[in-house]
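S.K.: Here's a sequence, model it:
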Amino acid sequence: MNETAHALATSGTFWELIERRAALTPDLPFLIQDDRTLTFGELRTRGERVAAGLYGMGVRPGTVVAWQLPTRLETVLLSFALARIGAVQTPLIPFYRDREIGFALRESKAGFFAVPGTWRGFDHAAMAGRLAAGLDRPPQVFEAYETLPDGDPAILPPPPADGTSVRWIYWTSGTTSDPKGVLHTDRSLIAAGSCLAHALRLSAADVGSMAFPFAHVAGPDYSVMLLLYGFPAVLFEHFAMPDALADYRRHGVTVAGGSTAFYSMFLAEQRKAPDEPLIPTLRLLAGGGAPKPPEVYHAVVREMGVQLTHGYGMTEVPMITMGDPDDTVEQLAGTEGRPPEGMEIRITDEDGKPLPHGTDGEVRLRGEAVCKGYLASANPFDAEGFLITGDVGHVGPGGHLVLTGRLKDIIIRKGENISAKEIEDLLARHPGVGDAAVIGLPDEERGERVCAVVEQPPHAAALTLPELTAYLRGEGLSTHKLPEQLELVDALPRNETLRKVLKYQLRDRYTTT
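M.R.: This is a model prediction of the structure:
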């Protein structure tokens, strides 16, 4: 990390970081979307006007504001305007529906809820109205897609000075049906973004890209990297191949990625014209959020002629480890990279006792980038302040982390966490289901795909995948959580004591089919 970036990384709050970058390079682009550009200076000046508009609506320091908005320049402005006020914001992924949104609004006690109106055929405003009507303290709903609140910055109080107060609530699926609200501070997110910037060794000459939802915790994570180094990123409201390639090429993107699913999409396009560079300026694919099969790394390097660095992160800790462009082929293909300075990784047995290097155990984490805990959920830390992740792995001789499994029953599909229990609970209501186990299976395109293994009652008609997904849609399950594979079995495998379903046997059985 260069001296300027290192100095900026010490910023106490997001707004301080924005002001310091805007003072250095006000006219350089921060974000590019289609034919629109937002400079670092405009981020500051327009962000303050939006903050004043929100303040005029009644948003104050500490006010909880939920927003479910697509990835647009306006969304970024709204988010950082809330950071200017010192509000507590809870971003919500645009494809979440009544179940997840209703839970988040209720648990966070949001006072305001920003929606895009009707977007991609779905009426978010109508959903917000339905949900608000069922709450004891309904939030004030307002649309913020193309038109944002506006006001005179003179009415604003001073920017927040404390970067260690909780000002972000992100939602992640746990081992239970209900999501968990992950509590972050400005400093924890700045620390995570600083780690990412340092690991990727980027410079002011680079052009990045955000093809993932800005409402994901990776949104501020990536933004910090841009603010530290002063280079722009191309923003995609809806990412689809091959349509997105035109903007990658037109704006000279040098760094792309997101997760394993993105790598696979780039590869698929490259294979259509193997003798021509897919994006002539591209030099690096980078990402995380889902398992990366070694063969994907080798295919990207071999067929696209670019480097691939993959990392390990989660909503609770957006940046844990990252591959270094100078790592060996074996390290880049077979590990999750190394932790940055300030991130402690401890591998333990089930009682929390540290294990030696090379021994598989539970991954536990401590550092500034780690969240402050959960909203109305159990304490996730051990007695020494290490976050208990539920992931299993080991640390090699060079300090690189190798993940080998997960204790928690979570499926990561295209970088998004899916609770198996949520789907299983809904399946249990179906008359054609006696019992069900939902598992994640390795998938080159998605990272993991959702597979439902169903034990049916006697004499029940054989269930089909279309029938199953139609039922789950009717129960309000989000589209991205729907099973893509259905297996019918006479009996689910169980242990001999508590008759618990042995999911590892199911994964072994269906991974090879």
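S.K.: Just the buried residues of stretch 275-289, please?
M.R.: For stretch 275-289, burial by neighbour count (16 or more other C-beta atoms under 10 Å) applies to 278-279, 282, 284-289. Quick note: C-beta positions are derived from backbone N, CA and C, even for glycine.
S.K.: any idea of the mean pLDDT for it?
M.R.: Throughout stretch 275-289, pLDDT has a mean value of 94.
S.K.: same deal with stretch 8-21?
M.R.: Mean pLDDT, stretch 8-21: 97.
S.K.: Over to stretch 312-323?
M.R.: 94.
S.K.: repeat for stretch 65-75
M.R.: 98.
S.K.: Over to that stretch now: how far is its first residue from its last?
M.R.: Distance across stretch 65-75, first residue to last, is 13 Å (C-alpha to C-alpha, to the nearest Å).
S.K.: Work out which residue lies at the spatial centre of this structure.
M.R.: Computing the C-alpha centroid of the chain and ranking residues by C-alpha atoms, centre = their mean puts residue 216 first, at 4.2 Å.
S.K.: Tell me if I'm right that that one and residue 415 touch.
M.R.: Yes - the criterion here is C-beta atoms under 8 Å, and residue 216 meets it with residue 415 at 7.5 Å.
S.K.: Break the protein down into its domains, please.
M.R.: 12-185, 240-405, 410-511 (automatic domain parsing).
S.K.: what residue ranges in this protein score low on pLDDT?
M.R.: Applying pLDDT under 70 to the chain flags residues 173-177, 408, 495-500, 512-513.
S.K.: residue farthest from the centroid of it?
M.R.: residue 459 (42.9 Å).
S.K.: helix or strand for it, which one?
M.R.: Of the helices and strands defined by DSSP states H and E, none includes residue 459.
S.K.: residue ranges of the helices in the stretch 1-150 of the chain, please?
M.R.: 3-8, 14-24, 40-57, 73-85, 98-108, 124-133 (DSSP state H, counting those that start in this stretch).
S.K.: wait, which of these is closest to residue 171?
M.R.: Proximity to residue 171 (C-beta to C-beta) singles out helix 98-108 among these, at 5.6 Å.
S.K.: which residues sit against that closest one?
M.R.: Contact partners of helix 98-108, identified using C-beta atoms under 8 Å, 6 or more residues apart in numbering, comprise 64, 66, 68, 88, 90, 92, 96, 110, 113, 127-128, 130-132, 134-135, 139, 169, 171, 178-179, 181, 375-376, 476-478.
S.K.: ok now do residue 143, which residues does it touch?
M.R.: 114-117, 125.
S.K.: between the residues you listed, which is nearest residue 359?
M.R.: The closest of the contacts of residue 143, once distances to residue 359 are taken by C-beta to C-beta, is residue 114, at 47.6 Å.
S.K.: Count the neighbours of the closest residue to residue 242 other than its chain neighbours for me.
M.R.: Closest residue to residue 242 apart from its sequence neighbours, by C-beta to C-beta, 6 or more residues apart in numbering: residue 269 at 5.5 Å. By the other C-beta atoms under 10 Å criterion, the neighbourhood of residue 269 contains 16 residues.
S.K.: Would you check how far apart residue 369 and residue 355 are?
M.R.: To residue 355, residue 369 is 23 Å away according to C-beta to C-beta, to the nearest Å.
S.K.: Tell me the one of the contacts of residue 143 nearest residue 346?
M.R.: residue 114 (39.5 Å).
S.K.: all strands of the stretch 301-450 of the chain, in order?
M.R.: 307-314, 317-322, 344-348, 361-366, 373-375, 387-395, 401-406, 410-413, 416-419, 435-443, 447-455 (DSSP state E, counting those that start in this stretch).
S.K.: for those strands, which one sits closest to residue 121?
M.R.: Using C-beta to C-beta, the nearest of these to residue 121 is strand 416-419, at 20.2 Å.
S.K.: Quickly list what residue 166 is bridged to.
M.R.: Taking DSSP bridges as the rule, residue 166 bridges to residue 185.
S.K.: Just give me the neighbour total for it.
M.R.: 16.
S.K.: doesn't residue 372 make contact with it?
M.R.: Yes - Residue 166 is in contact with residue 372 according to C-beta under 8 Å; the separation is 5.7 Å.
S.K.: if I look at those two, which residues touch both of them?
M.R.: 183-185.
S.K.: Nearest to residue 154 among these?
M.R.: residue 185 (28.0 Å).
S.K.: ok, the closest one - contacts?
M.R.: 163-168, 372.
S.K.: Quick check: it vs residue 359, distance?
M.R.: 33 Å.
S.K.: Looking at residue 369 and residue 355, which is more packed in?
M.R.: Using other C-beta under 10 Å, the more surrounded residue of residue 369 and residue 355 is residue 369, with 28 against 15.
S.K.: Just to check, the more buried one is in contact with residue 186?
M.R.: No - applying C-beta under 8 Å as the test, residue 369 and residue 186 come out as separate, 11.9 Å apart.
S.K.: in the stretch 251-400 of the chain, which spans are helices?
M.R.: Under DSSP H, counting those that start in this stretch, the stretch 251-400 of the chain gives helices at 260-270, 294-299, 329-334.
S.K.: Now the first one: buried residues?
M.R.: Read it as helix 260-270. Neighbour-count burial for helix 260-270 [16+ other C-beta under 10 Å]: 260-267, 269-270.
S.K.: Which of those sits closest to residue 344?
M.R.: residue 260 (26.4 Å).
S.K.: what sits against the closest one?
M.R.: Taking C-beta under 8 Å, 6+ apart, we find residue 260 in contact with 287, 289-293, 296, 310, 444-447.
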